[in-house]
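Asker: whatever this is, show me its structure:
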Amino acid sequence: MKRVGRVQVAVGLDELDDDEVIRARAAKAARVPEADLPELRIVRKSIDARGRHVRFQLLLEPFPEEEEPPLGGPLPREVAGDPVIVVGDGPAGLFCAYALAREGIAVTVIDRGKQVQPRRRDLALLNREGKVDPDSNYCFGEGGAGTYSDGKLYTRADKRGPVRDVMEILALHGAPGQILTDARPHIGSNKLPKVIGAMRDRLIECGVTFRFESRVVGLVRTGGRVTGVRLEGGEELGGSHVVLATGHSARDVLRFLDDAGMRLEPKPFALGVRIEHPQPLINSIQYGRDAGHPRLPAASYRLAHTEDERGVFSFCMCPGGWIVPAATEPGGLVVNGMSLSKRGSPYANSGFVVSVDPADWEGAGFTGPLGGLAFQDAIERAAFTAGGGALRAPATRVTDFMARRASTTVPEGSYRPGFLAGDVAEVLDVTGVPLAEPMRRALRVFGKRMRGYVTADAVLVGVESRTSCPVRIPRDDESLESPDLPGLYPTGEGAGYAGGIVSAALDGMRVADAIVSVRR
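Answerer: From the prediction side, this is the model:
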């Protein structure tokens, strides 16, 4: 009998639950009689909208003959010994702590923000009254910036090995099981906080310590080695190693590192706006005549264009989502996207950003290793001013943007603090670095790829400026330790080594493995 491995089949929208159809097509794809086909399970499911009708592509494999290890194993166990200090409870810090607890190594996790539930109340106040708490917002708090975003778990890495481990850990703690098979998995901002809380509770049961509402303001060094951290108020916490996983918006951390003489490197990033369309329009563009079928989720898209060595691309697309205020300090305006698990909002929004590099901002007078931060800040403050305060966002219809004019009116949208019609191009170009024109050229291309994308019903909302950190904290390629400050492990997005929930979690686990190797 021929051994059957993985097979891929396509099924129509109304055939997804028809086991007979799926088995018949799998047998044909495997070139075996249907009677010889073993029981199959779905490994991966994706939507294929390239033809006249939308189909599902299913990757199938036989159920394993041997019993598989438990989901998400091995589990953390009781911890002991000198603690590793983990600064930041985003995905990099949390998964680092989880991996260390699997090895029985004590951990103290410190975060400037609050736990998920009180953090939710601060976000409600932020949306309702426009008041920014520098320590509790869409970027800072338990779970990091991803907790109250879309919870997107998409990664270009293979879904096996370490990525599969991350997915299984999330599923073990309450994430929907389909994240293990969906080609573009997401959890949703309504479910991810519960998952993060469940992971925290499991770690606490094993002896891991969490310190919330505790801002780290400096490092403790003994004999040239980092041996702990200093908190606001003067308290010092010691440990065998310090993992710095503070996220892409912890500018104060980068400043105290710079003041301490640590080597920091500027790195390229991207910034721009959020672009928002009616979700039914995006559904129609992507799904054609099948738009509105109950089997189909809110449609998403990915777009990119490069011209004169400058990339313009969609980023963190949120189908059926909302635009939210993501500023971390008063006087600045930052927007981001989020959506719930069902993605039921009538709006589709995406980052629409242009790549910039150190030469761009240095040419505009923003010099030094932290010049990128100053460049970001200048644009964010210009956006705040253009919005008129209270976190209202400057907004321009796409058609007006293309015609190089300010909007006098804009459509209603998902952003709760509200829009103020105007000219986002003036905000984007306020530093002298030309950002608006590359975006116009890209929109011409995008409008040809997605007919109807360039429309007066779409609006550009400023500014999306925190796509990643414009600074990298150097570390050794093998030990992952800082060459300038032994005992310190720069980790995740804020250190320049990740971009998104999964890659940050993977980097945190990789750093944990490096620490385990020297603790043994």
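Asker: pLDDT at Arg156, what is it?
Answerer: Here the pLDDT value assigned to Arg156 is 63.
Asker: meant to ask about Arg160
Answerer: Looking at Arg160, its pLDDT is 48.
Asker: and Ser479, how many neighbours does it have?
Answerer: Residues lying near Ser479 (other C-beta atoms under 10 Å) number 15. For every residue, glycine as well, the C-beta is placed using N, CA and C.
Asker: quick one: the strands in the stretch 401-520 of the chain?
Answerer: Assigned strands in the stretch 401-520 of the chain, in chain order: 419-421, 459-464, 471-472, 488-490 (criterion: DSSP state E, counting those that start in this stretch).
Asker: contacts for the last one?
Answerer: Applying C-beta atoms under 8 Å, 6 or more residues apart in numbering, the external contacts of strand 488-490 come out as 219, 226, 241-244, 473-475, 480-482, 496-497, 511, 514-515.
Asker: coming back round to it: redo the strands of the stretch 401-520 of the chain as JSON lines? Include mean pLDDT.
Answerer: Compiled in JSON lines, the strands of the stretch 401-520 of the chain are given as follows (pLDDT from 0 to 100):
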{"stretch": "strand 419-421", "mean pLDDT": "98"}
{"stretch": "strand 459-464", "mean pLDDT": "98"}
{"stretch": "strand 471-472", "mean pLDDT": "98"}
{"stretch": "strand 488-490", "mean pLDDT": "98"}
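Asker: dump those strands to CSV, plus distance to Ala260.
Answerer: Conversion of those to CSV gives the following (distance: least, C-beta to C-beta, whole Å):
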stretch, distance to Ala260
strand 419-421, 41
strand 459-464, 30
strand 471-472, 14
strand 488-490, 10
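Asker: and Val87, which of those strands is closest to it?
Answerer: strand 488-490 (9.7 Å; C-beta to C-beta).
Asker: that closest one pairs with which strands, parallel or anti?
Answerer: Each strand paired with strand 488-490, and its direction, by DSSP bridges: strand 241-244 (parallel).
Asker: which strands and helices lie in contact with the helix or strand following the partner strand?
Answerer: Per DSSP states H and E, the first helix or strand lying C-terminal to strand 241-244 is helix 251-259. Packing partners of helix 251-259 (3 or more C-beta pairs under 8 Å, 6 or more residues apart in numbering; DSSP states H and E): strand 216-222.
Asker: what angle separates the helix or strand that the strand it packs on is followed by from helix 251-259?
Answerer: Where DSSP H and E defines the elements, the next helix or strand beyond strand 216-222 is strand 225-231. Orientation of strand 225-231 against helix 251-259 (axes from the mean of the first three to the mean of the last three C-alpha atoms, to 10 degrees) gives an angle of 140 degrees.
Asker: just the buried positions in strand 225-231, please.
Answerer: For strand 225-231, a neighbour-count test (16 or more other C-beta atoms under 10 Å) marks Val226, Thr227, Gly228, Val229, Leu231 as buried.
Asker: most tightly packed of the strands of the stretch 401-520 of the chain?
Answerer: Stretch with highest mean neighbour count among these: strand 459-464 (a mean of 29; mean count of other C-beta atoms under 10 Å).
Asker: now the longest helix along the chain: mean pLDDT?
Answerer: Identified as the longest helix of the chain according to DSSP state H is helix 501-519. On average, the pLDDT along helix 501-519 is 96.
Asker: list of residues touching it?
Answerer: 81, 84, 90-100, 103, 105, 144, 146, 151-155, 157, 162-163, 165-166, 240-241, 243, 245, 479-481, 489, 491-493, 497-498.
Asker: what do you get if the cut-off is 6 Å, keeping everything else the same?
Answerer: 84, 91-92, 95-96, 99-100, 103, 146, 153, 155, 162, 166, 241, 243, 480, 489, 491-493, 497-498 (C-beta atoms under 6 Å, 6 or more residues apart in numbering).
Asker: in it, which of the residues would be classed as buried?
Answerer: Neighbour-count burial for helix 501-519 [16+ other C-beta under 10 Å]: 501-512, 514-516.
Asker: which pair of the residues you listed spans the longest distance?
Answerer: The widest separation within the buried residues of helix 501-519 (C-beta to C-beta) is 22.7 Å, between Ile501 and Val516.
Asker: point out where the stretch 401-520 of the chain drops to low pLDDT.
Answerer: Nowhere does the stretch 401-520 of the chain drop to pLDDT under 70.
Asker: if you set the cut-off to 90 instead, what comes out?
Answerer: Along the stretch 401-520 of the chain, segments meeting pLDDT under 90 span 519-520.
Asker: that one: helices as residue ranges?
Answerer: Ranges of helices in the stretch 401-520 of the chain, per DSSP state H, counting those that start in this stretch, are 424-428, 436-449, 501-519.
Asker: put together a markdown table for the ones you listed, with distance to Val208 on each row.
Answerer: Below are those laid out as a markdown table (distance: least, C-beta to C-beta, whole Å):
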| stretch | distance to Val208 |
| --- | --- |
| helix 424-428 | 43 |
| helix 436-449 | 45 |
| helix 501-519 | 12 |
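Asker: among the ones you listed, which is nearest Leu303?
Answerer: Using C-beta to C-beta, the nearest of the helices of the stretch 401-520 of the chain to Leu303 is helix 436-449, at 5.0 Å.
Asker: helices or strands up against the closest one?
Answerer: Packed against helix 436-449, as judged by 3 or more C-beta pairs under 6 Å, 6 or more residues apart in numbering; DSSP states H and E, are the following elements: strand 304-307, strand 310-318.
Asker: burial count for Glu276?
Answerer: By other C-beta under 10 Å, 30 other residues sit near Glu276.
Asker: I'd assumed it was in a strand, is it?
Answerer: Yes. Per DSSP: H, G, I helix; E, B strand; the rest coil, Glu276 lies within a strand segment.
Asker: for the nearest residue to it once chain neighbours are set aside, report the pLDDT, please.
Answerer: Sequence neighbours aside, Asn349 is the residue nearest to Glu276 in space, at 4.3 Å (criterion: C-beta to C-beta, 6 or more residues apart in numbering). On pLDDT, Asn349 comes in at 98.
Asker: for Asn349, give me its contacts.
Answerer: With C-beta under 6 Å, 6+ apart, Asn349 has these contacts: Arg274, Glu276, Cys318, Gly321, Ile323, Gly337.
Asker: and Gly228, by the same measure?
Answerer: Val220, Glu236, Leu237, Gly238, Gly239.
Asker: same thing but 8 Å
Answerer: Ile85, Leu219, Val220, Glu236, Leu237, Gly238, Gly239, Val242 are the contacts of Gly228 under C-beta under 8 Å, 6+ apart.
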